[in-house]
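Trainee: Attaching a predicted model along with its sequence, questions to come.
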Protein chains: 2
Amino acid sequence: MSAYPSHPRATIGRYRNRGAYDFQAIHSVVNAAPVLHLSFIPSETDPFPTIIPLLGQMGSFANPDADPSSEPLDLYIHTHASTRLVKLVASQTEDGEKGLPVCASAALVDGYVLALTPFNHSCNYRSAVLHGYATPVTDEAERLYAMELITNGLIPERWGNSRVPPTKTELQTTGILKVTIESASGKVRAAGAANDKQDLENEGVIGKVWTGVVPLWQTLGEPVSNEHNRVPVPAYLDNWRKEANERGEEYAVETARKKY
Amino acid sequence: MSAYPSHPRATIGRYRNRGAYDFQAIHSVVNAAPVLHLSFIPSETDPFPTIIPLLGQMGSFANPDADPSSEPLDLYIHTHASTRLVKLVASQTEDGEKGLPVCASAALVDGYVLALTPFNHSCNYRSAVLHGYATPVTDEAERLYAMELITNGLIPERWGNSRVPPTKTELQTTGILKVTIESASGKVRAAGAANDKQDLENEGVIGKVWTGVVPLWQTLGEPVSNEHNRVPVPAYLDNWRKEANERGEEYAVETARKKY
């Protein structure tokens, strides 16, 4: 098993060659995204699904040393203990149900792809859409595992370099949800512009319109100390910034240079 | 009227002071986000809502000179003409219904907020969640309006500087949806770290843990020309890059410096 189960709801329809279903493709996008979008149906009487932007990471408490490239993981979600989402998840689980059906989406845009005609414009991107059942995490050890996973997933080495363990109140007011994945799909575009033959052969077009890719990546800037801060910027933060910035730029520029 | 209608589904529950409901807050986030997440309920038999990451912009064909800071707009969505989403929207509109109930979410992360304890960690961000009915745009003039709006919204001045108008086939295979907004909410955090008194007064903590904000913004890199490109990088692209990069950095750093 190297991929999540396939399902029509999680099958790429357009540009099928961009589809990516393996664990590595899904996990890497969710874990690299600075924000996730979680969708659920909040009410039986309201026709609209809703989305909450929030933070989360893929991990496995049962199998903490799981290899993300070859083993399935759960999606751990961070929220406040008294949100509408947490209450809804709790009520769906109490009823003996599997949990709240949710969909999580993560996307990273790596470049704007400028073709000769607007129609052929595109983006370079990596995206993942996961469907699963959300349940509350109540076991204290698993909750702590998830909090550390999410903190260090977003800011490497931060958990152990901050004031831990959390106080009783901090633990009580944090809501941790686990999404057990039922199906998932990823989609990736990572190449230069694709232009039509007619446009390439049209002197009035090719002689006038610039075509190529404007690479895009996230830059982590110089840390800004809090007014109460008393210590110099630690090496683990500087290393993280440097590596993340270099990796982001390198990926965006390399994909921009690839022939479609 | 300076804001979209209020509704419990679109009311901020946690951190109410971060809520932003005015047109400007909503429009600016949607239009600045490089990707939108659109949620809908794809099937009556499947329990899961789904999300599709896609491109869109706020605009008004009926009122093209609308002031985004004081007038309501529609959300125009770009997709392919034969996607599952387009088919579903068409079927929901044919039945004499208002359209497909959807939720759109956009989020920009402007910084990682590092407090003394993981519990007080946060992000600086701007987010918007919109609910409305999606309908197909069939009028040719409105479709062209939306295509130009989306192209120029993402890459300023690009439409007129590329090969237009679109061919008949290009028009036919592009799917344009309009979401009429029923309710919307935004949420913004834009400040330094907030630390608890106990942690600030604890010598073992304040003397050891770095606290502050790592600003985050998107960088548009040096354009990478396509193998067929024959013209130099135009000024409108260079200006866009320069201005967007400066604006992104400035906003992220300024908010990082604000006292909570």
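Mentor: Yes, it's here.

Trainee: Strands of chain A, start to end?
Mentor: Remark: strands assigned in chain A by DSSP state E are A:19-20, A:36-40, A:50-59, A:74-80, A:100-114, A:122-136, A:174-189, A:212-220, A:224-225.

Trainee: residue contacts, the closest residue in space to residue A:146 that isn't next to it in sequence?
Mentor: Closest residue to residue A:146 apart from its sequence neighbours, by Cβ to Cβ, 6 or more residues apart in numbering or on different chains: residue A:76 at 4.1 Å. The C-beta positions use only the backbone N, C-alpha and C, and glycine is treated the same way. Applying Cβ atoms under 8 Å, 6 or more residues apart in numbering or on different chains to residue A:76 gives the contacts A:56, A:57, A:58, A:59, A:137, A:146, A:149, A:150, A:176, A:177, A:178, A:179.

Trainee: how close does the third one sit to chain B?
Mentor: Between residue A:58 and chain B the computed distance is 17 Å (Cβ to the nearest Cβ, to the nearest Å).

Trainee: And the first one, by the same measure?
Mentor: Noted for residue A:56: a distance of 13 Å to chain B, by Cβ to the nearest Cβ.

Trainee: Just give me the longest helix of chain A.
Mentor: Longest helix of chain A, by residue count under DSSP state H: helix A:235-257.

Trainee: Save the strands of chain A as CSV, and put in mean pLDDT too.
Mentor: Shown next, in CSV, are the strands of chain A (pLDDT from 0 to 100):
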stretch, mean pLDDT
strand A:19-20, 84
strand A:36-40, 98
strand A:50-59, 97
strand A:74-80, 97
strand A:100-114, 98
strand A:122-136, 97
strand A:174-189, 96
strand A:212-220, 98
strand A:224-225, 98
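
Trainee: any chance of those strands in a markdown table, plus distance to residue B:42?
Mentor: Formatted as a markdown table, the strands of chain A follow (distance: least, Cβ to Cβ, whole Å):
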| stretch | distance to residue B:42 |
| --- | --- |
| strand A:19-20 | 17 |
| strand A:36-40 | 11 |
| strand A:50-59 | 15 |
| strand A:74-80 | 20 |
| strand A:100-114 | 10 |
| strand A:122-136 | 10 |
| strand A:174-189 | 12 |
| strand A:212-220 | 30 |
| strand A:224-225 | 43 |
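
Trainee: How about the spatially most central residue of chain A, nearest residue that isn't a chain neighbour?
Mentor: Nearest to the mean C-alpha position of chain A, by Cα atoms, centre = their mean, lies residue A:30 at 2.7 Å. Distances taken as Cβ to Cβ, 6+ apart place residue A:106 nearest to residue A:30, at 4.8 Å, with adjacent residues excluded.

Trainee: do residue A:46 as well
Mentor: residue B:9 (5.7 Å).

Trainee: what does residue A:214 give?
Mentor: Per Cβ to Cβ, 6+ apart, closest to residue A:214 is residue A:112, 4.6 Å.

Trainee: Just confirm that neighbour contacts residue B:155, I think it does.
Mentor: Yes - counting by Cβ atoms under 8 Å, residue B:155 is a contact partner of residue A:112 at 5.8 Å.

Trainee: overlap in contacts of the two?
Mentor: Joint contacts of residue A:112 and residue B:155 (Cβ under 8 Å, 6+ apart) are A:121, A:214.

Trainee: So between the two, which is more surrounded?
Mentor: Comparing residue A:112 with residue B:155 by other Cβ atoms under 10 Å in any protein chain shown, the one with more neighbours is residue A:112, at 24 against 20.

Trainee: who are the neighbours in contact with the more buried one?
Mentor: Residue A:112 touches A:121, A:123, A:213, A:214, A:216, B:154, B:155, B:220, counting by Cβ under 8 Å, 6+ apart.

Trainee: Name the member of these with the most neighbours.
Mentor: In the contacts of residue A:112, the most neighbours by other Cβ under 10 Å go to residue A:213, 29 neighbours.

Trainee: got a list of what that residue touches?
Mentor: Taking Cβ under 8 Å, 6+ apart, one finds A:111, A:112, A:113, A:114, A:124, A:192, A:193, A:255, A:256, B:223, B:224, B:226 in contact with residue A:213.
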